[in-house]
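My questions concern the predicted model and sequence given below.
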Amino acid sequence: MMRDNVLSIDGIMANGQTHYFGPVSGTDFPWTGELCKDLLALGAREAQEIGVGRPKVMRRLGGYNTNALVPGDRPNNLAHLLVGSEATLAYSTAIELKLWPLITE
């Protein structure tokens, strides 16, 4: 899925602020501002509701990837929240992707 191949996103929010969205772990917030802390606090507070409201399928084609906010087995990556949001959460100015080797068989 595309979400799994996006490592980070630089974005512009509706209020004009620019933010880096990428992997976070523990209390490591590599960008300025309270946005990351607020998003992760929202995810922790609403984890049960996000789990109930999220379909238990491998791939969803609609809606936000709110599970990117919920603490889990792998580190949170806030870029995953933006993937598929169609620029409704932030306008992407730069996207870092994981590239895979070309199969030449």
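Sure thing, it's come through.

Quick check: what element follows the helix or strand hosting L81 along the chain?
Using DSSP states H and E, L81 sits within helix 79-82. The C-terminal neighbour of helix 79-82 among helices and strands, as given by DSSP H and E, is strand 91-97.

Pairing partners for that following strand, with directions?
Next to strand 91-97 in the sheet, as set by DSSP bridges, lie strand 6-12 (antiparallel).

Mind listing what's buried along the strand it pairs with?
V6, S8, I9, D10, G11 (16 or more other CB atoms under 10 Å). Where C-beta positions appear, they are placed from N, C-alpha and C, glycine not excepted.

Tell me which residues are up against the next helix or strand after that strand.
Going down the chain from strand 6-12, the next helix or strand is strand 18-21, by DSSP H and E. With contact meaning CB atoms under 8 Å, 6 or more residues apart in numbering, strand 18-21 is reached by 8-13, 30-31, 33, 35, 77-79, 81-82, 90, 93.

got it, and stretch 37-54?
Outside stretch 37-54, the residues that touch it by CB under 8 Å, 6+ apart are V24, F29, R60, T66, N67, A68, L69, V70, P71, N76, L78, L81.

Of all the residues in that stretch, which ones are buried?
For stretch 37-54, burial by neighbour count (16+ other CB under 10 Å) applies to L39, L40, G43, A47, I50.
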